Each structure stands twice: as C-alpha cells, then as structure tokens.
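> Below: sequence and its predicted model.
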2 protein chains.
Amino acid sequence: MQIREILDRPVQDWFSGEQPEGDVVLSGRVRLARNLAGVRFPGYASPEERAQVEQQTRRVLSNLAKEENTETAYIRMEELTDADRQVLVEKHLISPQLVADTQGSGIVVDKDAGLTIMVNEEDHYRIQCLGGGLQLPRLWQRASHIDDLLEAQLDFAYDNSLGYLTACPTNVGTGLRASVMVHVPALVRTRKIQRLIQSMLKVDFSVRGLYGEGTDMAGNILQISNQVTLGVREEDVVARLQSLGEQLAKEERAAREQLKGIPALTDEVWRAYGVLRYARALSGDEALTLLSTVELGRILGIIPHISADAFREMLVTTRPGFLQRYAHSEEQDVQTRDTLRAAVVRDSLQKMEKE
Amino acid sequence: MQIREILDRPVQDWFSGEQPEGDVVLSGRVRLARNLAGVRFPGYASPEERAQVEQQTRRVLSNLAKEENTETAYIRMEELTDADRQVLVEKHLISPQLVADTQGSGIVVDKDAGLTIMVNEEDHYRIQCLGGGLQLPRLWQRASHIDDLLEAQLDFAYDNSLGYLTACPTNVGTGLRASVMVHVPALVRTRKIQRLIQSMLKVDFSVRGLYGEGTDMAGNILQISNQVTLGVREEDVVARLQSLGEQLAKEERAAREQLKGIPALTDEVWRAYGVLRYARALSGDEALTLLSTVELGRILGIIPHISADAFREMLVTTRPGFLQRYAHSEEQDVQTRDTLRAAVVRDSLQKMEKE
C-alpha cells in the first residue's frame, strides 16, 4: 500500500459521494486512546521505549490486516516531508501534535485511510476510525473491534475502577473521543448557531473550529465532540452525539429553507462564485468563507453545475500542505501560496463549468 | 431621422472605435450659448415667447441640414417619456436642466447626434458638438461654423464690449464651454490625481464627476471644462484644454505603466470581473467602480478578451434611464433596477467570452 496514493487524493472514497446526513455532517470520527502497561507514556518515554512501542505495533499489523480484510502500513513520521505530514493533518488523518514530535512516532494506515492508528502521540496508541456523513455507531463498532484485536496481542494499561489509563486525565476511562464535523452556513446566517453552541456546551459537548482548538468558525464548519470519558458507557456517548448530529442536521435544513429565494443570498452566492472563479490570490480563510457560501448555493439550487464533492475536495486542496505538495516546493511564502490557492480553485471551478 | 435610433443605441458611431487619445479621453464637447435679441431669456419668457423661439428654430433647420450635409430633427421635450429624456442626459446629449423644465423646450439633433442644439434651456440656444477622444479644435470649428449658419438667419443678442449675452453672467462673452471627459483610474490609484486637480483649478479649469456638478469621481471619470468666457479668444480656450487633455493622457499612461505587473492589481481586476460576471444585483456606483477597474485591466492586457468599446457602452447601458427603456417599464424601484443592471452587465460580458 502506498501512502502516496492517500497523500495525492484530495478525498478518500469514504468521504465522497452520498452519505447519511451528508448535506450537513461532513464526517465523523471515533478515537480510542490506549497505552501499553508497564511502558512510560510517550511524553516521558526514552527513545528506546518509544522504539519498543513501534516494534510492538509492527508485530500486530499483519494479524490486524488479515482480520479486517484490508492492507495496512506503518509509516514513521520521520520518513515523511513536512508537507506530507501537513497534508495528513489537513485530511484529519493525524493530529498536529503527532507532527510536533516526530521522533519515534508514526501512523498505521489502512487501504482507504478509514482506519489510522497514531503511534507515540500523546498516548502509545490512538485508534481512529473515520467515515463520511453521520454514522458514529458503525465507526464505534469498528474501533471497538480493532481495539479487541489489538488487546488480544498487546497488554493495555487498564485499571479496574478507572478504566483505560491515558497520558492526560481527560481521556481516562473509556479513552473514547467521538466527533462530527458539520457545515452549518444557514445556522450561522440566521444567527441560530450561538444558542445551539451554548446548549451543546451545557450538556458536556465540546465545540471547535475546522482545525481544532482555538481556531474560529472558518467556513462555517464546526467540530463537535464529547468531553467526558470517565464513568460513562461508550455506546451512550456515541448514541448521544449521533442524535445531536441528527438534530443539528434538521435545524440546519430548516434554516436553509428559510433562506431559500432571498435575492440578497442569491447575489451573495454568485459573487462568491465570481471571486473564486477569477481571483488571482486567495487567503486560506477567504477561500473557506467563499467556498462555504458557494456550497450553500449549490445545496439551495442557486448554482446548479457544481459537483456535490467540490466543497469537501476543495476544503483539502486549498490547505497549505496540499498546495505545497501540489507545487512540489518545500517552502512557500504567503503570497506564492495565495496565488497557487487561487489557481487551484479556479481550475476546479472551470473544469466543472465544462462538464 | 428617428430619435428612437439614437435612444436605442448605447453609443453613437463617433463614440466608438479608435479615437485620438481615446485610451484616456473618452469624449470632448464644445458648447456655445446663444440668445435671440429682443426676446426674454427662457427663465423669464412667456409661453408665447418660448414658442416663438421654437418656431424660429424650425425655420432655420432645413438650411442647417443642407449646409452641414446631414439630417436634423427638432424634438420637443414634451413628446418624450421620462425614460427617453433620462437616456439623452445619460448620453450627455442634453443637460439635466432641460429635463427639469420641459415646457416649450426641445432639442435639435443631427443624424449621428454629434450635433445637438438645446432650445429654451437656460439660454435660447445651446449649440453642442460632441466627439469621441480628444479633438477639441475640430469640434470648435464645427460649432463655430454652425453658429455662423444660424447667425445668418437669426438675430443673436450681442454687445460690442461684452460679446454674446447669456442668461447667466458666467457665460457672457464667448458663450463657449469646452469640456473633455477623461478616464484616469491609474492616476487615482497612484494618488496623483489630487495634485493634478489642484493645478487645473488654479488655471481656471473646472473639474467635475461623470454627471456634472456635485457628483463624485464615480468610475474614475472626470469632466474638465473652462471656467472663463469673458475677455478670452475661443481658439485659445480650446487650445489650452486640448493641451491639458494631452498632458493628462500622458500622465495617466505613465501611471498605468507603473501599475503594470503588480500582482495585487491583477487580482483586483479579475475579482472585479468575477463580480460583474456573476453578481445578481449591482448599484450604479458599484457598477461604475468595477467597470473602471476592468477597463484598466483591459488596457493593461490583464483581461485580453474584453472589447475596446465595452466600457464606453456599459457606461450608458447601466444607467437608470437606459435600464428603464430596456425593461419597457415607466417606474423602477432600486432593487428591480439593480437586478436589471446586473443582468445587462452579465449578458454583455458573457457574449464577449463567447466571441
């Protein structure tokens, strides 16, 4: 299996096409934090201990691939270029933290990158299952199954009263973080999103921007995840977030209905399209904002010729790492990148006009 | 001769195609104010006196047409719809003042509207010769010739020490107002225009916006005209403004050279094009601003496929009167007009892309 294939493609198969609630929920993820018993957490481990975790990983891979009927590869972070690592972050396959400390760390990735296991990130293992649209129970079942497969061959640190032990206390217990990424341009426009965010925070969900903590609501995209991992059942956490995703999708659709036929929105959508179609420089934030507006226009039928995957694709192709790979350059100044970003968007939209 | 033809066409023949200094100077005009001796000025005249001026006009028309080898028509303002009159103002063929007081007033217009004579505006006669680009001496010669033709049949109010008598003292003497309309987007962008305007004001030229006094510099278009009519020779006034036009054209071209190859300008030009190409609503001012930017882009070779006449045409087709005629409607609210304006611009640009 070639990591190149995954790096080169803007979106994986599981991210494209029709998806459950896919008009609002872009993707979902279930992640389990696990650590080897008797080995220090990566942040405290010696290089030898980190290498030992990597060796243990390689040992269990062939069984994992066989049982899951897939191909897997272990890729050491040090083997990748900065741009490659950046692309993996942009595709949400790995965390920025894994990039920050590359020594003795790596990633297990399966054929279509629906499964990744970060090795020696904050914990020894972060098992991640990703899927398009809203299908958290299925992702949880897969993650749980992989957890079982690994646990049959590895000795995970587990405490009978606390549950799974993790480097950070906020993960102790289930080690589970389930999350969904939602595109809610109509809830933002109708100013309903603030109240919804407040109510989600009250019931212990965390709400963040597209690229994690501290990032704002660029592109009208939110990541929602559970906060609590201690004293809860995994199935309950997953079911609650799944249900929240369904509710959000319903509310976003209702807000979209309200916006239908408003001339000012039609004008705004076409202007956004016009700028994306012809601009010679686009900042990352501006691109996200305009792409979100055009996607709303596509959904409302204002711009009929845009393909359903365009938004999800360009969310990735307009990111710095992808642009760097695209231009085969190691370093890019902001101007070069903004120029390249505009060219990539222009080409994509031009192609769609011709199809 | 049909006034309809003139109303329907965005630009007259003399306004399109290659013109001397036409990349900067859109058009020039020479106007002579004349009054009949012994008849009160229109502002003080009785309806009978105004009618008498109109009759005198009709009497001399056939000779004028023969001598000038053209066709002429006298059109009473009252025969035209509000939208028609508005279009004549937008094409700079008549003044807003003529529209304000339509009773007993009218316009003589020749075949291609290069000659118009406003009747019973502020003065009994306002002889106007218009031409594309910068060719004031030629326009002056024509206006002077027409003045001679009229004077051979009409008794103009003339004082041996003052010269021609006019309703407003600012026109007494020559009765001559020469003006040029210039498009100076590069002088505006490089902030050189303010100094130039100051120096023009100092030597007794007047500087105004596209639609006369009090209008700002919408579309980076300025009208420059002489202020003084008393104690000067017509040839000198015309020669000075001609020379000023040449100098402005030179400075604007130098400023354009400075802007060449600046990436931010290329981006701005294409964004302006994108908005014009796709927006669903455009205000008059926004349209002017964006059209000016796109025209600068055309001149600098940034947008190659735009036709050389597009800017001059759309300066007219995006104006309220023209839009009203276009939609065959008598009254338009601002929203309807902005929507129609965007549609007109979009269609024009789309056609050019296909050609």
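Here it is on my side, so go on.
> isn't A:Glu330 right up against A:Gly321?
No. At 11.5 Å, A:Glu330 and A:Gly321 do not qualify as touching, with contact defined as Cβ atoms under 8 Å. C-beta: built from backbone N, CA, C; applies to glycine.
> out of these two, which sits in the more crowded spot?
A:Gly321 (21 against 9; other Cβ atoms under 10 Å in any protein chain shown).
> got a list of what the residue lying closest to that one once chain neighbours are set aside touches?
Residue nearest to A:Gly321 in three dimensions, not counting chain neighbours: A:Gln86, with 2.7 Å by Cβ to Cβ, 6 or more residues apart in numbering or on different chains. Counting by Cβ atoms under 8 Å, 6 or more residues apart in numbering or on different chains, A:Gln86 touches A:Val99, A:Arg319, A:Pro320, A:Gly321, A:Phe322, A:Gln324.
> now do 7 Å
A:Pro320, A:Gly321, A:Gln324 (Cβ atoms under 7 Å, 6 or more residues apart in numbering or on different chains).
> interface residues of chain A facing chain B?
A:263, A:266-267, A:270-271, A:273-275, A:277-281 (Cβ under 7 Å from any Cβ of the partner chain).
> And these, which of them are buried?
A:Thr266, A:Asp267, A:Trp270, A:Arg271, A:Tyr273, A:Gly274, A:Val275, A:Arg277, A:Tyr278, A:Ala279, A:Arg280, A:Ala281 (16 or more other Cβ atoms under 10 Å in any protein chain shown).
> So the fourth one lies in a strand, does it not?
Spelled out, it's A:Arg271. No. Going by DSSP: H, G, I helix; E, B strand; the rest coil, the assignment for A:Arg271 is helix, not a strand.
> Looks like it contacts B:Val275 (just checking).
Yes. A:Arg271 is within contact range of B:Val275, at 5.4 Å (criterion: Cβ atoms under 7 Å).
> And A:Arg298, how far from B:Ser329?
33 Å (Cβ to Cβ, to the nearest Å).
> CA atoms only for the longest strand along chain A, dumped as CSV, please.
Once chain A is assigned using DSSP state E, the strand that runs over the most residues is strand A:25-34. Listed next in CSV are the C-alpha coordinates belonging to strand A:25-34 (Å, rounded to 0.1, in the frame of the first residue of the first chain):
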residue,chain,number,x,y,z
VAL,A,25,-22.5,16.4,8.5
LEU,A,26,-19.2,16.2,6.6
SER,A,27,-17.6,13.4,8.5
GLY,A,28,-17.5,11.6,11.8
ARG,A,29,-14.7,10.1,13.8
VAL,A,30,-14.3,7.7,16.8
ARG,A,31,-11.0,7.6,18.5
LEU,A,32,-9.7,5.4,21.3
ALA,A,33,-6.6,6.2,23.5
ARG,A,34,-4.7,3.1,24.6
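> Spell out the residue ranges of the helices in chain A.
Along chain A, counting by DSSP state H, helices occupy A:3-8, A:47-68, A:82-90, A:96-100, A:136-153, A:185-189, A:193-202, A:234-259, A:263-278, A:284-299, A:310-317, A:320-326, A:334-354.
> between the fifth one and strand A:25-34, how big is the angle?
Here helix A:136-153 runs at an angle of 20 degrees relative to strand A:25-34 (axes from the mean of the first three to the mean of the last three Cα atoms, to 10 degrees).
> and if you look at the second one?
Calculated by the same axes, to 10 degrees, helix A:47-68 forms an angle of 120 degrees with strand A:25-34.
> Can you list the low-confidence ranges for chain A?
Counting by pLDDT under 70, chain A has low-confidence residues at A:1, A:211-216.
> center of it, which residue is that?
A:His92 (3.4 Å; Cα atoms, centre = their mean).
> my guess is A:Ile94 meets A:Gly106, correct?
No. A:Ile94 sits out of contact with A:Gly106 when judged by Cβ under 7 Å, with a separation of 9.5 Å.
> pretty sure A:Val53 is touching A:Asn120, no?
Yes. The pair A:Val53 / A:Asn120 is scored as a contact, 5.7 Å apart, by Cβ under 7 Å.
> More neighbours: these two, which one.
A:Asn120 (27 against 23).
> which residues touch the residue nearest to the centre of chain A?
Per Cβ under 7 Å, 6+ apart, neighbours of A:His92: A:Leu130.
> switch to 8 Å and redo it
So A:His92 contacts A:Ser27, A:Arg29, A:Leu130, A:Met181 (Cβ under 8 Å, 6+ apart).
> Now for the residues you listed: which two are most distant?
A:Leu130 and A:Met181 (10.0 Å; Cβ to Cβ).
> and for these two, which residues touch both?
Common neighbours of A:Leu130 and A:Met181 (Cβ under 8 Å, 6+ apart) are A:Ser27, A:Gly28, A:His92.
> Sweet, I'm off.
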